[in-house]
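*Asks:* Need coordinates for the below:
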Amino acid sequence: MTTMREGPDLPDLGGTTTARTTTEREVVLAPPSPSSEPQPPVVLVGRLVSIRYVLSALRRRRKVWLSLAALGLLVGLGFHVVVPRSYSAYSTLYLAQPPGIDPAVGIANDMALLQTTAVGQRAVSLLGEHSLSPSSLLGKVPGVVESEDVLRLNIAGPTKDEAVRRAKAVATAFLDFRAERLQQQTAAADKALNKQIRLLQQQISQLSATISGLEGSSSRSEELTNLVSEQSSDTSNLTSLEQSVQQNQLSSIAVDSGSRIVTPGTLVPASTAKLFMLSGLSGLIGGLVIGVAYVAVQAVVTDRIRRRDELASLLGAPVELSLQPVRHSMWRPERWFKQSALEQRAQVAALSGYLRLRGVPQGERTTLLVVALDDLVVPAAALEVLAKRLSDEGESVLVVDLTSDRLLARGLSDLPVEDPSLADHPGGDLHVFTPSPDKMSEVTEPPWVAAQAEAHAVLALTTIDFAKGAWHLSWAKEAVVSATAGRSSAKRVSSTAVLLRAAGITIRSGVLIGADAEDESIGLLRPDTPLVGLPVVDGVIPS
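*Replies:* This is a model prediction of the structure:
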């Protein structure tokens with residue numbers, strides 16, 4: 001929405017009033033209103049950050065986070081197109097536990113065995129794919145404990161058949177490896193028991209020989225009784241050890257035969273549409289979170305101006321006009337604003353009409369100085385429209401392009417470009433003056449100041465070089481400053497205002513291009529209204 005401050009009749013650049021019939025050109029100056037009185041510029045020292053402020057930034061820059069959310073959705077949907085999807089298969093195992101072992105401890109040991117490299121290597125050998133590594137075959141979580149005796153294996157593969165084949169191979173490899181470990185454990189226990197059995201057998205043989213030698217001797221009957229008792233105890237221990245060996249062997253056989261595959265390799269049902277939907281949803285949520293966080297953080301830490309009251313406070317001058325965002329080509333701006341002059345774009349026409357009312361009388365001509373911040377295209381297009389309009393009305397117009405890009409001059413290249421001396425040119429002509437950058441510092445008395453009556457209107461477009469200042473513009477009494485919402489920083493605007501005032505130039509008003517549609521502030525300063533920051537007088541912040 002284009003807003004423009006209403007007020008009393010203001011002077012037209014090169015125009016004549018309808019209330020007089022005299023042939024003499026007359027300039028009518030509008031009396032300054034209280035709201036347009038120049039005030040000291042302001043440096044933003046802080047901004048009130050609240051939830052409402054962040055939400056406003058999110059609404060204003062919704063295209064950014066919505067674009068990132070859409071990008072995340074596309075990335076999620078296209079993930080399985082670039083990265084081939086994998087299929088999952090499962091096998092369910094019933095694992096018998098040896099007697100005397102806590103089932104919870106036993107199943108935990110089985111889970112630990114499943115994750116060993118030995119099981120993976122055995123499965124790879126069964127598959128015959130030696131290029132496949134055990135870790136990639138088993139994955140991060142190859143199994144899930146369903147109960148104290150049931151273990152579920154989850155194995156992935158590039159195809160459905162391969163996933164099923166791998167699940168079967170891992171199940172078989174795990175059961176074989178588990179059985180081998182149990183047999184080794186049983187064999188180690190039996191080896192220790194057999195060693196004790198051999199010792200007892202030797203001891204029993206020695207006792208038997210001793211007892212045979214003492215039979216028939218009445219004097220050593222007590223010793224014989226003790227030896228017989230010891231022989232009986234050793235025989236009992238020997239029988240117990242032999243039974244333990246047999247029990248271990250039976251337990252090993254029972255565990256080996258009792259542990260089996262309950263459910264062979266079975267493909268996990270998965271819908272392709274559901275998979276793509278979940279991937280797209282994940283990408284959408286991820287992009288949305290990143291976009292919202294980016295916009296919120298940038299809104300808090302940035303010093304870019306976006307509101308009319310911020311620009312007015314920084315300039316110390318009213319913002320009497322704000323424009324909607326103007327889209328233009330960044331590669332061929334000359335073509336864009338030439339078309340603007342022909343098609344009469346609404347925003348450019350509004351700015352052109354406003355600038356026509358802001359000319360300053362200097363002798364017998366009217367001068368307009370426009371200082372552009374960041375965006376040169378829109379002010380240049382507006383000045384081109386204004387120059388063409390005044391020329392069509394019979395005024396002699398001089399366009400002065402003091403920018404380094406020479407954008408305005410290049411845009412007027414299809415019109416006659418004459419020497420800046422206007423002594424031999426009648427009214428109704430349009431001329432362009434573009435001093436070279438290396439001679440800019442020598443322009444202390446420009447040609448339009450030295451000439452007396454040739455140009456009716458002088459339109460000047462410039463930018464401010466902070467290293468050189470604005471003293472070469474001291475011929476101008478007033479200036480209009482244009483800033484772009486979201487691009488012009490508070491420091492840049494404030495420094496421009498200080499340099500202009502240091503050169504003796506009054507900032508007549510500011511123009512905000514690309515104003516936020518939800519900006520409810522006004523750019524009219526009132527003496528009784530506190531400013532956004534601290535006022536700066538002669539470039540110094542008062543204590």
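*Asks:* ok, Leu315 - contacts?
*Replies:* By C-beta atoms under 8 Å, 6 or more residues apart in numbering, the residues touching Leu315 are 41, 481, 493, 497, 507, 510. All C-beta spots, glycine's among them, are computed from the backbone N, C-alpha and C.
*Asks:* Can you tell me the SS state at the fifth one?
*Replies:* Looking back up the chat, that one is Ile507. For Ile507, the secondary structure call by DSSP: H, G, I helix; E, B strand; the rest coil comes out as strand.
*Asks:* Could you tell me how far it is located from His472?
*Replies:* Ile507 sits at a distance of 17 Å from His472 (criterion: C-beta to C-beta, to the nearest Å).
*Asks:* When those two are compared, which one has more neighbours?
*Replies:* Ile507 (21 against 18; other C-beta atoms under 10 Å).
*Asks:* from what I can see the more buried one touches Leu499, true?
*Replies:* No. Using C-beta atoms under 8 Å, Ile507 makes no contact with Leu499, being 10.8 Å away.
*Asks:* Validate this expectation: Leu398 resides in a strand.
*Replies:* Yes. Under three-state DSSP, Leu398 sits within a strand.
*Asks:* lowest average confidence, helix or strand, in this protein?
*Replies:* strand 3-4 (a mean of 34; mean pLDDT, DSSP states H and E).
*Asks:* Hmm, Val360 is touching Val480, no?
*Replies:* No. Using C-beta under 8 Å, Val360 is not in contact with Val480; the gap is 10.0 Å.
*Asks:* between the two, who's got more neighbours?
*Replies:* Using other C-beta under 10 Å, the more surrounded residue of Val360 and Val480 is Val480, with 24 against 21.
*Asks:* pLDDT value on the more buried one, please?
*Replies:* pLDDT recorded at Val480 is 94.
*Asks:* on contacts alone, who are the packing partners of the one helix or strand it maps to?
*Replies:* For Val480, the host element (DSSP states H and E) is strand 478-484. Secondary-structure packing of strand 478-484 (3 or more C-beta pairs under 8 Å, 6 or more residues apart in numbering; DSSP states H and E): strand 365-372, helix 490-502, strand 506-513.
*Asks:* Off-centre distance for that strand?
*Replies:* 33 Å (C-alpha atoms, centre = their mean, to the nearest Å).
*Asks:* Let me see the residues that make contact with that strand.
*Replies:* 305, 311, 315, 317, 351, 355, 358, 360, 368-375, 378-379, 473, 493, 496-497, 500, 505-514.
*Asks:* quick revisit: and of the contacts of Leu315, the nearest to Leu113?
*Replies:* Distance to Leu113 across these (C-beta to C-beta) is lowest for Val493, with 70.8 Å.
*Asks:* Please, which helix or strand holds the residue lying closest to that closest one once chain neighbours are set aside?
*Replies:* Spatial nearest neighbour of Val493, excluding adjacent residues (C-beta to C-beta, 6 or more residues apart in numbering): Leu314 at 4.3 Å. For Leu314, the element it lies in under DSSP H and E is helix 308-315.
*Asks:* What mean pLDDT does the next helix or strand after that helix get?
*Replies:* Sequence-wise, the next helix or strand downstream of helix 308-315 (DSSP H and E) is strand 319-323. The average pLDDT within strand 319-323 is 88.
*Asks:* quick one: strand 319-323 to helix 308-315, angle?
*Replies:* Orientation of strand 319-323 against helix 308-315 (axes from the mean of the first three to the mean of the last three C-alpha atoms, to 10 degrees) gives an angle of 130 degrees.
*Asks:* ok, residues contacting strand 319-323?
*Replies:* Looking at what lies outside strand 319-323 - C-beta under 8 Å, 6+ apart - the contacts are 2-5, 36, 308-309, 311-312, 347, 350-351, 354, 378, 509-515, 519, 522-524.
*Asks:* Any stretches of the stretch 401-543 of the chain with poor pLDDT?
*Replies:* 413-428, 436-454, 525-543 (pLDDT under 70).
*Asks:* show me where it has strands.
*Replies:* 430-433, 457-462, 478-484, 506-513, 534-535 (DSSP state E, counting those that start in this stretch).
*Asks:* Minimum distance to Ala179: which of those has it?
*Replies:* That would be strand 478-484 among those, by C-beta to C-beta, at 76.9 Å.
*Asks:* Sheet-wise, list the partners of the closest one with their directions.
*Replies:* The pairing partners recorded for strand 478-484 under DSSP bridges are strand 365-372 (parallel), strand 506-513 (parallel).
*Asks:* winner for burial among these?
*Replies:* Mean neighbour count, computed with mean count of other C-beta atoms under 10 Å, is highest for strand 365-372 among those, reaching a mean of 25.
*Asks:* Identify all contacting residues around it.
*Replies:* With C-beta under 8 Å, 6+ apart, strand 365-372 has contacts from 11, 13-14, 27, 355, 358-361, 379-380, 383, 403, 448, 453, 455-464, 473, 476-482, 496, 500, 505.
*Asks:* among these, which ones are buried?
*Replies:* Among the contacts of strand 365-372, the ones that count as buried by 16 or more other C-beta atoms under 10 Å are 11, 13-14, 27, 355, 358-360, 379-380, 383, 403, 448, 455-464, 473, 476, 478-482, 496, 500, 505.
*Asks:* Which one, of the strands of the stretch 401-543 of the chain, ends up nearest to Gly78?
*Replies:* Going by C-beta to C-beta, the one of these nearest Gly78 is strand 478-484, 35.6 Å.
*Asks:* mind checking pLDDT for Thr263?
*Replies:* 87.
*Asks:* Tell me the secondary structure of it, please.
*Replies:* Applying three-state DSSP: Thr263 is strand.
*Asks:* Tabulate the CA atom coordinates of stretch 55-67 in CSV.
*Replies:* Output of stretch 55-67 as CSV, limited to C-alpha atoms (Å, rounded to 0.1, in the frame of the first residue of the first chain):
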residue,chain,number,x,y,z
LEU,A,55,5.7,-13.1,15.2
SER,A,56,5.5,-9.9,13.1
ALA,A,57,8.9,-10.7,11.6
LEU,A,58,7.6,-14.2,10.8
ARG,A,59,4.5,-12.9,9.1
ARG,A,60,6.6,-10.3,7.2
ARG,A,61,9.1,-12.8,6.0
ARG,A,62,6.8,-15.8,5.7
LYS,A,63,8.1,-16.4,2.1
VAL,A,64,11.5,-17.2,3.6
TRP,A,65,10.4,-19.9,6.0
LEU,A,66,7.7,-21.2,3.7
SER,A,67,10.3,-21.5,1.0
